[in-house]
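1. build me a model:
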Amino acid sequence: MLSILVLGPGCFNCHKLEAMCREVVEEKNVEAAIAPVTDLEQIHALGVMMTPGLVINGKVVSSGRVPPKSSIEQWIREATQ
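-> Reported below is the predicted structural model:
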């Protein structure tokens, strides 16, 4: 099972990124636990200084932007191999 963390204070872009991740996971039929992380200390401890951030299986794959859906699909595909 994949672990996907969406990092950010709960802004519009954070919610958008989380929704995109849920959509990709559902479309690709991937088992994943998706969780928002809003605590700034936790976010900074992961090395992310700009939100929204995306962490898949402990690896920061994006920060400071909402990546395109195709990138999210690629990161999830790579994490499942």
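2. okay, CA-based contacts and neighbour counts for the rest of this
-> OK.
3. how about the helices in this structure?
-> Ranges of helices in the chain, per DSSP state H, are 12-27, 40-45, 69-80.
4. from residue 38, how far off is residue 51?
-> The gap separating residue 51 from residue 38 is 10 Å, by Cα to Cα, to the nearest Å.
5. have a look at the two and say which one is more surrounded.
-> The neighbour comparison of residue 51 against residue 38 (other Cα atoms under 10 Å) goes to residue 51, with 22 against 17.
6. now for the spatially closest residue to that one that is not a sequence neighbour: which residues touch it?
-> Once flanking residues are discounted, residue 51 sits nearest to residue 64: 4.5 Å by Cα to Cα, 6 or more residues apart in numbering. Residue 64 is in contact with 49, 50, 51, 52, 53, counting by Cα atoms under 8 Å, 6 or more residues apart in numbering.
7. count of neighbours near the first one?
-> The reference is to residue 49. A count of neighbours around residue 49, defined by other Cα under 10 Å, yields 14.
8. OK, contacts around the residue most central in space within the chain?
-> Note on the chain: the residue nearest the mean C-alpha position is residue 54, at 3.1 Å, using Cα atoms, centre = their mean. Residue 54 sits next to 4, 5, 6, 7, 60, 61, 62, 63 when contact means Cα under 8 Å, 6+ apart.
9. please identify the deepest-packed of the helices of the chain.
-> Most buried of the helices of the chain, by mean neighbour count (mean count of other Cα atoms under 10 Å): helix 12-27, with a mean of 17.
10. from residue 50, how far out is residue 33?
-> Applying Cα to Cα to residue 33 and residue 50 gives a distance of 23 Å.
11. re earlier: including mean pLDDT, could the helices of the chain go into a markdown table?
-> Converted to a markdown table, those look like this (pLDDT from 0 to 100):
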| stretch | mean pLDDT |
| --- | --- |
| helix 12-27 | 97 |
| helix 40-45 | 96 |
| helix 69-80 | 96 |
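12. just the buried subset of the contacts of residue 54, please.
-> For those, a neighbour count by 16 or more other Cα atoms under 10 Å gives the buried set as 4, 5, 6, 7, 60, 62, 63.
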